[in-house]
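[1] just coords:
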Ligand SMILES: [Fe+2]
């Protein structure tokens, strides 16, 4: 027997306006019930959702060809994304999983920080399934276009995938390090600083990173790879500052994700980046992340709590 409440929930999901960011009853229901991990109800995508995907994809293709790093372009080919339709994650995973073991898992929105990083350590990428409202060149929040065209092609590259896994494991190191601190206030203070440092590192590498190549600077950061306007700016040194990555700068440098980025950091290779994650973890163990500069991003109580709950789950 179907209860009255579940019937009404189903009706709400079925009558929502596609799977549009900020306007999906299906997502609202998942968030209201505290479900982070969901399925992708593909039939709910509207023609407007597919049209937005189509328009955004068309706007990126030539920019990817000119400015994206080579592993991204190889990944794009390997995933065989349909330029005209929002992808099914199960199709994406069919091509992705054999290459690096990574898979895209559907989520209802932002996850607490530890939960997100822990997914990376297990080669799972939390993937937003909604599509932005219209074909905006610049979307302030993640959507499936950002996650699948910006992030997932990078996950086909074994060296990059190893970077993400190592970064995810840093979250376990942090959780275990602070678990022995008896003073709850000091524990939360130190954890907040470490999470802020990790978030800054993630932002200035995985989301907005540039890499040297024989053909000049190439983009590997996913926030740039999924935005026409950000791609155009990222490769123009007259509009953005491009600096070799210095760990002590990155961990103290605030950022705002929903504005055009004024400052980008450059690495030499994914091996270089892998080494930098190792250095970050070493600094964490030595207490060098315990007092990073205050400021953005803000770290929520649920982010801190997620690390406290994650201790010992490695
Ligand atoms: Fe992202």
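    Arrived safely, thanks for sending. Since the structure is predicted, the reported quantities are computational estimates derived from the model, not experimental observations.

[2] surely residue 126 forms part of a helix?
    No - judged by DSSP: H, G, I helix; E, B strand; the rest coil, residue 126 forms no part of a helix; its state is strand.

[3] surely it and residue 107 touch.
    Yes - Residue 126 is in contact with residue 107 according to Cβ atoms under 8 Å; the separation is 4.3 Å. Heads up, the C-betas are built off the backbone N, CA and C, glycines and all.

[4] residues shared between the contacts of the two?
    Residues touching both residue 126 and residue 107 comprise residue 36, with contact defined as Cβ atoms under 8 Å, 6 or more residues apart in numbering.

[5] residue ranges of the strands in the stretch 1-150 of the chain, please?
    For the stretch 1-150 of the chain, strands defined by DSSP state E, counting those that start in this stretch occupy the ranges 103-107, 124-128.

[6] any regions of the stretch 51-200 of the chain where pLDDT drops low?
    Low-confidence segments of the stretch 51-200 of the chain, defined by pLDDT under 70, span residues 135-138.

[7] how about the helices in it?
    With DSSP state H, counting those that start in this stretch applied, the stretch 51-200 of the chain shows helices at 70-79, 89-100, 113-121, 144-145, 158-179, 184-202, listed in chain order.

[8] deepest-packed of the ones you listed, please.
    Scoring the helices of the stretch 51-200 of the chain by mean neighbour count under mean count of other Cβ atoms under 10 Å gives helix 144-145 as the most buried, with a mean of 27.

[9] chain center to that one, what's the gap?
    11 Å (Cα atoms, centre = their mean, to the nearest Å).

[10] which other helices and strands does that helix contact?
    If you count contacts as 3 or more Cβ pairs under 8 Å, 6 or more residues apart in numbering; DSSP states H and E, helix 144-145 packs onto helix 47-67.

[11] buried stuff in the helix it packs on?
    Going by neighbour count (16 or more other Cβ atoms under 10 Å), the buried part of helix 47-67 is 49, 50, 51, 52, 53, 54, 56, 57, 60, 63, 64, 67.

[12] repeat that for stretch 141-152.
    Buried positions in stretch 141-152, judged by neighbour count with 16+ other Cβ under 10 Å: 142, 143, 144, 145, 146, 147, 148, 149, 150, 151, 152.

[13] over to stretch 37-50?
    38, 40, 41, 44, 45, 49, 50.

[14] sorry, back to before: just give me the closest of the buried residues of stretch 141-152 to residue 22.
    In terms of Cβ to Cβ, no member of these lies closer to residue 22 than residue 143, at 9.7 Å.

[15] ok, now which ones touch the nearest residue to residue 153 once chain neighbours are set aside?
    When the adjacent residues along the chain are set aside, residue 153 lies closest to residue 75, with 3.2 Å between them (Cβ to Cβ, 6 or more residues apart in numbering). With contacts defined as Cβ under 8 Å, 6+ apart, residue 75 is in contact with 152, 153, 154, 155, 156, 157.

[16] show me what the residue nearest to the first one when sequence neighbours are not counted bridges to in the sheet.
    Put plainly, it is residue 152. Spatial nearest neighbour of residue 152, excluding adjacent residues (Cβ to Cβ, 6+ apart): residue 104 at 5.6 Å. Using DSSP bridges, the beta-bridge partners of residue 104 come out as residue 125.

[17] my read is that residue 104 contacts residue 96, right?
    Yes - judged on Cβ under 8 Å, residue 104 makes contact with residue 96 at a distance of 7.0 Å.

[18] what touches both of the two?
    Contact with both residue 104 and residue 96 is made by residues 152, 155, according to Cβ under 8 Å, 6+ apart.

[19] so where's the stretch 201-314 of the chain shaky on pLDDT?
    314.

[20] all helices of it, in order?
    Secondary structure of the stretch 201-314 of the chain, counting by DSSP H, counting those that start in this stretch: helices at 222-225, 228-234, 247-250, 270-285, 301-310.

[21] of all those, which one is nearest residue 295?
    Between residue 295 and the helices of the stretch 201-314 of the chain, the tightest spacing by Cβ to Cβ is seen for helix 247-250, at 13.1 Å.

[22] and that closest one, what does it pack against?
    Short answer (3+ Cβ pairs under 8 Å, 6+ apart): helix 247-250 packs on helix 184-202, helix 270-285.

[23] just tell me which of those ends up closest to residue 304.
    helix 184-202 (5.2 Å).
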